[in-house]
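Engineer: Kindly generate the corresponding structure for this input.
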Amino acid sequence: AVAKAREWAPEGHTSTSSTSTLAKLACFVDDGGGMSALDGTVLAHQADVVASWLHGRHGVTDWNNALKLGFDAKALSWPDW
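Structural biologist: Here you go, the predicted structure:
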């Protein structure tokens, strides 16, 4: 999973660590039959799911969780990779 995350993200990026959410997503993809297994799937951290139950909005996350997937806090955007 770490090797796959390193294929996706730039060298040395924090999202390529073995405990990153990106590495966990790579493991899910590898175990689930590839990227096509993600069609229609929404990735959400546990805290985001609980928060969505409370405030009723899906797709909202905090900075910490977004950074684990490679969000660029300087550019305030998701990377192209």
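
Engineer: in this protein, which spans are helices?
Structural biologist: With DSSP state H, the ranges of helices along the chain come out as 2-8, 21-32, 46-55, 63-68.

Engineer: For the ones you listed, give me TSV that also has distance to residue 78.
Structural biologist: Any C-beta I mention is one placed from the backbone N, CA and C, and that applies to glycine too. Formatted as TSV, the helices of the chain follow (distance: least, CB to CB, whole Å):
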stretch	distance to residue 78
helix 2-8	12
helix 21-32	12
helix 46-55	15
helix 63-68	8
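
Engineer: where does the protein dip in pLDDT?
Structural biologist: For the chain, residues meeting the criterion pLDDT under 70 lie at 32-38.

Engineer: residue nearest the centroid of this structure?
Structural biologist: Nearest to the mean C-alpha position of the chain, by CA atoms, centre = their mean, lies residue 69 at 3.6 Å.

Engineer: contacting residues around that residue?
Structural biologist: 15, 20-22, 25, 43 (CB atoms under 8 Å, 6 or more residues apart in numbering).

Engineer: and of the helices of the chain, who's closest to residue 76?
Structural biologist: With CB to CB as the criterion, residue 76 lies closest to helix 63-68 of the helices of the chain, at 10.0 Å.

Engineer: Now do the buried residues in the closest one.
Structural biologist: In terms of neighbour count (16 or more other CB atoms under 10 Å), helix 63-68 has its buried residues at 65-68.

Engineer: Relative to the whole chain's centre, how far out is it?
Structural biologist: 8 Å (CA atoms, centre = their mean, to the nearest Å).

Engineer: And it, what does it pack against?
Structural biologist: The helices and strands touching helix 63-68, judged by 3 or more CB pairs under 8 Å, 6 or more residues apart in numbering; DSSP states H and E, are helix 21-32.

Engineer: what about dumping the CA coordinates of the helix it packs on to PDB?
Structural biologist: C-alpha atoms of helix 21-32 as PDB (Å, rounded to 0.1, in the frame of the first residue of the first chain):
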ATOM      1  CA  THR A  21      -5.000   7.700   4.800                       C
ATOM      2  CA  LEU A  22      -3.700   7.700   1.200                       C
ATOM      3  CA  ALA A  23      -1.800   4.400   2.000                       C
ATOM      4  CA  LYS A  24      -4.900   3.000   3.500                       C
ATOM      5  CA  LEU A  25      -6.900   3.900   0.400                       C
ATOM      6  CA  ALA A  26      -4.200   2.200  -1.700                       C
ATOM      7  CA  CYS A  27      -4.600  -0.900   0.400                       C
ATOM      8  CA  PHE A  28      -8.400  -0.800  -0.200                       C
ATOM      9  CA  VAL A  29      -7.900  -0.400  -3.900                       C
ATOM     10  CA  ASP A  30      -5.400  -3.300  -4.000                       C
ATOM     11  CA  ASP A  31      -7.800  -5.500  -2.000                       C
ATOM     12  CA  GLY A  32     -10.900  -4.500  -3.900                       C
END
